[in-house]
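> Sequence and predicted structure, then a few things I'm wondering about:
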Amino acid sequence: MIVKFYSRPNCELCVEGLHTLKIVQEDIDFAIEQYNIEDDDEMHEKYMIMIPVVERDGKVIQYGQLDYATLYEALAD
């Protein structure tokens with residue numbers, strides 16, 4: 001399973017969110033693909049007020065303040 005993580009540089013909430021996602025990764029096997037929304041105008045426009053964003057199979061699982069329980073539940077399926 002591949003999980004996409006959208007963020008931007010100098011975003012403390014993104015650093016915390018990635019840390020939370022990596023804790024979930026210790027319990028569930030998946031790969032994390034990281035994307036900097038500032039590298040793509042379309043991604044930037046889509047996610048700029050939402051970051052960090054976690055996406056699986058094209059569907060946003062959670063954004064903003066990420067938490068273990070929500071991520072675990074969505075990724076355990």
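Perfect, I can see it now.

> which residues does L66 contact?
With contacts taken as C-beta atoms under 8 Å, 6 or more residues apart in numbering, L66 has the following neighbours: E16, G17, T20, L21, P52, V54. C-beta coordinates here come from the backbone N, C-alpha and C atoms, glycine included.

> Which of those are buried? Put it as a ChimeraX command.
To isolate in ChimeraX the members of the contacts of L66 that are buried, counting by 16 or more other C-beta atoms under 10 Å, one can use:
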select :17,20,21,52,54
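
> Between all of the contacts of L66, which two are at the greatest distance?
E16 and V54 (12.6 Å; C-beta to C-beta).

> give me the number of residues near I37?
I37 has 23 neighbours, counted by other C-beta atoms under 10 Å.

> Quick one, grab the pLDDT at it.
Reading off the per-residue confidence, I37 sits at a pLDDT of 96.

> The one 10 residues further on too?
Listed pLDDT for Y47 reads 93.

> From M48, how far out is the residue most central in space within the chain?
Centroid check for the chain by C-alpha atoms, centre = their mean gives V54 as the closest residue, at 2.7 Å. According to C-beta to C-beta, to the nearest Å, V54 and M48 sit 16 Å apart.

> picking up where we left off before, surely the residue nearest to the centre of the chain touches Q65?
No - with the criterion set as C-beta atoms under 8 Å, V54 and Q65 do not qualify as a contacting pair; they are 11.6 Å apart.

> which residues sit in contact with M48?
Shown in contact with M48 (C-beta under 8 Å, 6+ apart): R8, I37.

> now do 7 Å
Residues touching M48, when contacts are defined by C-beta atoms under 7 Å, 6 or more residues apart in numbering, comprise I37.
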